[in-house]
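Undergrad: I would like the atomic coordinates for the input below:
(4 chains)
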Amino acid sequence: MKRVREYVARWEALLLVFLIGTFVFGAGVSRYFWTASNISIATASFMPVAIVALAMTLIIVTGEIDISVGSIVGLCAACLGVCLERGLPIGAAMPLSLVVGALAGLGNGVMVAYVGLPSLVVTIGTLALYRGLAQIVLRERGVSDFPEWYQNIGFGTIGGSPVPWSSLIFAVLAIGFAVFLHATRGGRALYAIGNNREAARFSGIAVKRGLLGLFVTSGVMCSVAAIVLTAYLASARSDTASGLELQVITAVVLGGVDIFGGSGTMVGVVIALFVLAFVQNSLGLAGVTPEAQQIATGGVLIATLSVFGAARFVRAHGAARGRFRRRRPRALATGGRPSGGGEESVKAHAGRE
Amino acid sequence: MITSSETPTRSRQSGGAWGGFADRILRVRELGLVVVLLLICTIVTARAPRFLDGPNLEQVALSATLVCIVALGQALVIIARQIDLSVGAIVAMSAFVTASWLEGRPDGGILTAFLIGCGVGAALGTGNALLVAVARIPAVVATLGTLAIYRGAAIVIARGRQISATVLPESYQEVAQLHIAGVPLLVWLALLLTLFFSWMARYTRLGRNLYALGSSPQSARVAGISETRGIAFVFILSGLLCGFVGVLWGARFGTVDAVIARGLNLEVISAVVVGGVSIFGGSGSVYGAALGAVIFAVLQNGVQLLRINQFWLDAVVGMAILGTVVFYMLLARRVERAEREWRRLATLGRTGLRVAADR
Amino acid sequence: MSGFPIEAMSSVAPIVELRGITKRFGPVEVLTDIDLSLRSGRVHSLAGENGAGKSTIVKILGGVHRPDDGLIFKEGEEITIHGAAEAQRHGIAVIHQHPALFPDLSVAENIFVGRQPRRLGRIDWVAMRREARELLSGLRVDVDVRLPVKMLGIAERQTVEIVKALSLRARVLVMDEPTSAISREEAVRLFEIVETLKQQGVAILFISHFIDEILRLGDDVTILRSGRRVVTSSAAELTLESTVRHMVGRTPEALFPKEAAAIGEPVVEVRGLAGCGFVEDVSFTLRAGEIVGFFGLVGAGRSEVAQMLFGIEPPDRGEVRVDGGRARIRSPRDAMRLGISLLPEDRHQQGLVLEFPIRANATLPILRRFTRWLGLVDRTREAEIAGDYAKRMRVVATGIEQLVNALSGGNQQKVLLAKWLMPSPRILILDQPTRGIDVGAKAEIHRIISQLAGQGMAIVLISDDVPDVTAMADRILVFRSGRIVAEFSRATVDRGSMVLAASHAGPDPVAAGPGAGRP
Amino acid sequence: MGRNVRVLVVLAASIAAAMLASDFGGSHGAAADFELAMVIKETTNPYYNATLAGAKIAAEEIGGTAKNYGPTQSSAQAQIEIINNLAERRVAAIAVAPSDPNAVVPAMKRAQKLGSKVITFDADSAPAGRPFFVNQATTESVGKFGAGKLAEVMSYKGKVAIVSAQPTAANQNAWIAAFREELKKPPYTSMQVVDEVYGYDNEQKAFDLTVALTTKYPDLAGIYAPTCPGLPAVARALESVNKGKGAVKLAGMCVPSITAKYMLDGTISVFYLWDPVKLGYITYYAAKYFADGKIQGKPGDSFTIKEGKWPGTYKVLPNGEIVTGGPLQYTPANYKQHEY
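TA: Numbers count the residues shown, from 1 in each chain, chains lettered A, B, ... in the order given. Okay, the predicted model is just below:
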C-alpha cells in the first residue's frame, strides 16, 4: 500500500529519470542531439504548448478541463494579425490580444462557474466558436511582415547565448505558476476545490469566482502562447495552433496531474513538457516519421494513465478495507476501529504501514 | 386502523394537469429538435428554394448518414456515461484497410469488405473497451490517447498512399449510388440502423441497462448490472459502427487515405449533444442523436445556399452547441423549479389532497 | 388498534428469526445476544437511541455485516446472509432512507430494472407499466409510472423501492428510518402502505426515531439500548413514557458535563428566520458563554438554520443581529468576518479535505492570516500554529503532515474543531460534533467545548444525542419540521419530554391526518 | 521506500543499457554522402511521391540520396520543426515546399546558418528565405492554362465556381488569382466567376460544397478545382448529382493516379498539372550542384544536364526562379505514361 502511494508521490522522480533517459536516447541516436543549438531549438519549438500547459495544470487540478485552448491561441493570433494589417504597432497589438484571450476565457468561465455547465461540453462548443471567430476576422489571409525584434521572441536567443527568448518567458511564468500553485493561498484553494468542492465552499473559499479566474487565466496564457507562437511562425493565420489541446493535455496528464482533479505538481508538468519536447526532437533527429511520433505520444499517454489506473485501483482496493478511501465517508463508528482516539491504536496503525 | 382507507390522498395521474405538463416537457427535447430542423429548413427554403430540389436533399441526407451512423454508437456511449474521441481515427483505419483489400479485386467481394471493415472497427473499439472498462482509465483521456495511436497507425499503414476510384472496384463504388424506391441505399441503411438502435435502446434489457449505468453507476451495481460489460459493449459497438462507416466512406467518396474523417469526433459529439443526450449519461435518445446529425448536415448545406460566408460555419456550429446545452440546462432547471414549487404547495397542504382522476 | 389481535402473535410462526445475535467491531460489542422475530402480517418496531444498534441489525439482515455469534432462521431453517443478493434471495428487502434508484429512468423501469417483462424478445412497456401500476395501486398509491424518478420526492421514491421489493417477492421488509426525511402527510401515506402490506402478509421491521410512530405502527416493539435488547413487548402494553424510559435508561452516563460559566450579553439574535424550503419562523437569542442545544431529529431543520447563519444557504426571510447590529450573511466569508464558525455535520463531504494533511486542513479558512505579499503562505508560521492547535485538541497523529484520511474519526473531528477554532470565533456552531466517534474522543471534545464556553464563546450545539445535549447545554431548543417547538433550560430539562417534543407527540398527527402535527 | 529506490535504479540502468545497445555513437557518416531532404507539405499526398521519384532518378545519375520529410497534415509549424531537425542533422541540402511562405523563412535562414543549402521547390517562400526556387511552371501559366482550357470547353460563356484547398494555401491562392485575372480579359467576358469555396483538403468537405454549389447555381457551367485531394471529390460529387460526364465542365489539377477515372468518363473536362517527376529531378540537380558549389544560386547562374533523363540547360531567372516546364494536360492518350 504504502509503496504504491510513495511510488505515485515520486512520479516526479520517475519523470526525471525518463528525462535523463530521453537525453541518453537522444545522444544515442544522433550526435547532433547534444549540441547547444539543438537543445535551444527543441526548447523554443515547444514553448507555446508549455505556456498553455501551465494554466491547464491549474484547471485540471480543480477537476475541470479546457478543450478550447488551441482555438483561443488561434483567435489571439488572428487578432495580432488583424492589428498588424491595420497598421497598429505590434507593441499595441500584444496587449489587445491579451484582452481578447482574457475575454475568451471569461466566456468559458462564466458558462462553467456561473451557468453551471460541464466544462467539457462548454469548451467543445467554444473550440468551434473561437476557431470560427478567428476565421471570420482573418479569412484566408496569412499576415506576416512582423518586425524583426518581435520575431525574435519565437526563434531568437538571448544575446550570444543559446537560450531562446521564449524559454525565458516560459521560465518566468513557470516559476510564477509553480509558486502560485504550491506556495500561496490561491494554490491551496485550487487543490481544496479539486479534492472536495463542498468542503472548500464550507471553508469560505469562493469556488465560483476561483473557477472564473482560472478560465480567464487560461485565456490569457493562450494569448501569451499566441504571441510567442506567432513570433515563432513569423505569420498569423486563422488555423494557428489547431490541435494544440491534445499536446497540452498529454503533457499535463503525463506530468502526474490527476484528470479527476485534486493532485499533481507543477514540477511534474514542467519535466513532462521537456520529456515530450525532447522525445519528439530526438525521434525527429533519428528520422522517425511524425506519425510514429504521434503513436509514441499516444502510447506514452496511455501508459501513464495505466500506471495511475493501477495505483487508483490499489487505493480503491485498500478503501474497501477501510483505508485510503477517497471522497467516501468511512463509517468508523460502526466499522473499523471504534477506539481510534487512543495513542496505542495509532501506533498500531502506523506500524501496519 | 391507521388509514382512512377510502381516500387515496395523493394523485399524480398522467391525465391530470401536472402529468400532462411533465410529459410535455419530457418530450420537448426531440420535439424541439424537429421544430428546430423544420425552422432551419424553412429559413433556408425561403431564401434559397432550391434547397428542396431532389438531388440536393438527397445529398444532404447522404452527408447526414455517415455522421448519423457514427452518432448512433456515440449516443449509446454517452448514455452509458462515457465518451469516445477516437471515432474519426477508427473510420479512417477501417476505410483504408478495406479499400486496400478491395484494391486488387475488380470483381468485388463487397460482403467480405464489409466484414473486414466492421472487424477492424470492432477490434479498435475493443482496444478502447479494454482501456476504459478493464483498466478503468477515464474515457476522455483513454480515447484521446487511442485517437493518436489509431490515426498514427493508419498513416503508417497507408504510407502516404491514396486509394482512389481508379483502382477500386465499380461494384463497391456503386454501393453509394444504389437507390431503393428512389432513396439511396445508404439512407435506408442509416434509417434502419437508427430504428434498430433506437429499438434496442428502448426495448431490450441490454439497452435499458445502459441507461441505468449512465444514470447511476452505484445503483446499477446494487441492481446487479455489470459496469464492465456495459462499458465494453458500448465501446465495441461504437467501433463496429465506425468500421461500417469506414466501408461506406470509401464507397461514397471514391478516394480513401489515412487522414479522412479528421475532426469527425467533434462533429459527432456535437450532433449527439445537440440531439439531447445528456453528457452526464442516463438520458436522451438514439434517434435524437440521429436528428442532431441531420440538423448539422442541413446547417452546413444551408450556410452554403444562403451565401453566408463559409468562414462563419465553425462559429455557427459552436453557437449551436452552446445554445442547445444552455437550452437543455434551462429546461431541466425549469422542470426542477416546477417540481419544487409543486412540492412546497403539497407540503403546505393546499394541493396535498388531489382526487384521483380516472385513467 | 390494528389488524391482528395480540393473541395471534404467538400463533403465527416467524418468517425470519434472529437468535442470540452478537456483533463486535474490534473490541467493542455493538450487539449483544439479540433475539428478534419477524412474522407474516405483523409490524415489528425497533426503537432505541443513536448507537443503540438498530442500524447494525438492519445491516445484518441486509447482508452487509455478518454476526459474530448467533443464528438466523428463515421459516425454521438456519440461513446465512452474505451480501445483498443473498438477502434478496431469502426474500428480505431493505428500504433505505435515501433509496438507490436510477434518477433518469421511469418509475416503472426502476421497479423492473434488469428483469423487465418481455414479449417476443422485446420489452413490453405496456405490460411493464400495467404491472407497475397494479403493484402501486395494490398499495393504493397513485404515481404516474412514466415519470422519471428524479422528479419524485423521497417518500415516493421509497414507495417505488417498496414496490420493487414486493415485485421481487420480498416477504420481509426492513424499513430503515423511512419517515425521517419526509413530510407528515407523506408519512401518513407510508403508514397506509404499511397497513396494506400487512394485509398482504408481509413481515415488516420498522425502524424510526419517532416514538409515536413506533407505538402506533408496530404490533410488537423491541427496544434496544447500548446493543442490548431491553424489552420486547406488544405495542399495546407500552406507553410513550415507558418507551422513552426504556430507551433512555435510568442512569445514562454523562460525558464530561459542562462546567458552569458566566453567561454574558446576547451576541446573536435571530428573528423570524425562514428558508431552505421548510424552515419557518425560527427565533432565538444566543449569549456569550452560553451553550444552546439544538435538539431534533434529522431533517427537523437544525442544520439548515446553522447553514443559513453561516451563509451557505441564504435565508428567504428573517433577521439576524450580531452584537446588536443587523448582519447580512451572504457567504461563509461574511459569516467568518462576523466571528461565526460552523463545524459542519458531514465531516467527509463538508468538513475536511481528506487528501490534505492535518496542517492544510486546519488552516484552510484562515490561510489569509499566514500570507505575506503576493499571497505567499508563511509555512513556518502555518505549521507552528497548526501544530499548536493540534496539540491543544490532543490530536493523535504521527505529525501535522499526516493526511487526515489516515486518522481515526475522533481525531478527524478534532482536526475539524481545530480548523474552526483557528479563526478565533465568538460564535461557534457545532453540528453533531461527536457523531460517529468513540467515547474517549467524545469526552475530550466535550471538555474543549466546555472550556470554550468558559472563555465567553457563544456556542450552538446541534445534536440528536439526548445525554450529550442535556449534559452540555444551558438551554435546549427542540426542532421539529422546520420550527422550534419547545424550549428547556438546564434546570427544567426532562429527557422524556424533550424526546417527545422532538418526535411528534402531542396532538396525534397520524390519526388527525394531513396538516396536523404542526404547532 | 528502499524498494522504490531500487526500482528507479534498475529502471535507469536498463534505459542506459538499452541506449548503449542501440548504436550509441555509431556510424552517422551520412554527412559525407550527399542527401537532399525534401520537406513536403503533407505525406499523404501522392503528388510528392512523384517528385521524390524524380529526385531519385537524378540521384541515380549523379549520386547521393533523396528523401521526403513532411507532416501528415499540412501545417507550417510541423514543417518548421522538420526543417530545424534537418538543420541540426547538418543535412547537406534541403528543398522545401512551404505550406506558408512566410512561416518557414526563419527556420530556413537558421538552417543556412548551420551549413545546409536550402532552396524551395513546388511552392515558393518569401524570397528572403532562399537563393532560388525550382518552379514547375509559373503561376501565371498555370492559372492562364486552366482559364483558357476551361473557356474552350465551356464555349466562352457561363458561370464558373472555384473549389480551392485551404484558405491559407498560398499556391492555390496565386493560381486562382491568375485564373480570375485571365477571365477578366476580352475573350472571356461572358464568363463570370460566381463563387469560391474551400474544401480544406478534405474529401468530405469538397464533396458537400460541390453539391451545394450545384444547388445554389443550377445554371453553373463550369468548376475550377486546382486542389489535389479535392478534385476527385468534386468530380464524384458532380456524378452523384447527375451533373457529371460534362454536364458541368470541370477543370482541375491533380495527379492521374487518383483522378484518371473521372477524366476517362468525361466528368473532368480539363485535367492538367505539370510533370512532378521532372520537378523533382531538376530540383535534385539544382540542389546538388548548389551544395557542391557548382552554382552560386544567384540570378543568371545556370547549369546544364548533359546526359540524363531530361537534358538541357536550366537558368536562374532574375526573380530567383528556375522554371522546369509548364502545364501538362493529361488525356486518355497520354495519362498512362504518367504513373504518379
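Undergrad: Which secondary structure element of chain B has the lowest mean pLDDT?
TA: helix B:17-47 (a mean of 73; mean pLDDT, DSSP states H and E).
Undergrad: What's the first helix or strand after that helix?
TA: For helix B:17-47, the following helix or strand on the C-terminal side (DSSP states H and E) is helix B:54-79.
Undergrad: roughly how far is that following helix from the heart of the chain?
TA: 8 Å (CA atoms, centre = their mean, to the nearest Å).
Undergrad: does any bit of the helix or strand that it is followed by sit next to chain A?
TA: Sequence-wise, the next helix or strand downstream of helix B:54-79 (DSSP H and E) is helix B:87-103. No - using CB under 8 Å from any CB of the partner chain, we find that helix B:87-103 stays clear of chain A, coming within 9.7 Å at best. Placement of C-beta: from N, CA and C, glycine included.
Undergrad: likewise stretch D:76-91?
TA: Yes - interface with chain A: stretch D:76-91 contributes D:76-78, D:80-82, D:84-85, D:87-90 (CB under 8 Å from any CB).
Undergrad: quick check: mean pLDDT across that stretch?
TA: Averaged over stretch D:76-91, pLDDT sits at 89.
Undergrad: go on, stretch A:240-259?
TA: 88.
Undergrad: Now do it: distance from first to last residue.
TA: This stretch, stretch A:240-259, spans 26 Å end to end (CA to CA, to the nearest Å).
Undergrad: what about that stretch, distance to the chain center?
TA: 6 Å.
Undergrad: and that stretch, does that touch chain B?
TA: Yes - Stretch A:240-259 reaches chain B (CB under 8 Å from any CB) through A:246, A:249-250, A:253, A:259.
Undergrad: Make CSV out of the residues you listed and add secondary structure.
TA: Shown next, in CSV, are these (DSSP: H, G, I helix; E, B strand; the rest coil):
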residue, secondary structure
A:246, helix
A:249, helix
A:250, helix
A:253, helix
A:259, coil
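Undergrad: which bits of the stretch 101-250 of chain D sit near chain B?
TA: Taking CB under 8 Å from any CB as the criterion, the stretch 101-250 of chain D approaches chain B at residues D:167, D:197-198, D:202-204, D:207-209, D:211-216, D:218, D:229, D:232-233, D:236-237, D:240-242.
Undergrad: can you rerun that using 10 Å?
TA: Applying CB under 10 Å from any CB of the partner chain, we find that the stretch 101-250 of chain D lies next to chain B at D:167, D:195-218, D:228-233, D:235-237, D:239-243.
Undergrad: Is the helix or strand harbouring residue A:54 in proximity to chain D?
TA: Applying DSSP H and E as the criterion places residue A:54 in helix A:36-61. Yes - contact between helix A:36-61 and chain D, assessed by CB under 10 Å from any CB, occurs at A:37-42, A:44-46, A:48.
Undergrad: can I get the residues you listed in TSV with distance to residue B:218 and neighbour count?
TA: Listed next are these as TSV, based on distance: CB to CB, whole Å; neighbours: other CB atoms under 10 Å in any protein chain shown:
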residue	distance to residue B:218	neighbour count
A:37	57	16
A:38	53	24
A:39	51	20
A:40	53	19
A:41	52	26
A:42	47	25
A:44	49	25
A:45	46	25
A:46	42	24
A:48	42	32
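Undergrad: What score does the residue nearest to residue B:122 when sequence neighbours are not counted have for pLDDT?
TA: Nearest residue to residue B:122 in three dimensions, chain neighbours excluded: residue B:240, at 4.4 Å (CB to CB, 6 or more residues apart in numbering or on different chains). With respect to pLDDT, residue B:240 scores 97.
Undergrad: Then residue D:18?
TA: On the pLDDT scale, residue D:18 is placed at 47.
Undergrad: just residue C:512 next, same as before
TA: 34.
Undergrad: Might you report the residue contacts of the residue nearest to residue B:43 when sequence neighbours are not counted?
TA: Once flanking residues are discounted, residue B:43 sits nearest to residue B:302: 7.4 Å by CB to CB, 6+ apart. Listed by CB atoms under 10 Å, 6 or more residues apart in numbering or on different chains, the contact partners of residue B:302 are B:40-41, B:43-45, B:47-48, B:51, B:60, B:295, B:308, B:316, D:212.
Undergrad: Fine, thanks again, bye for now.
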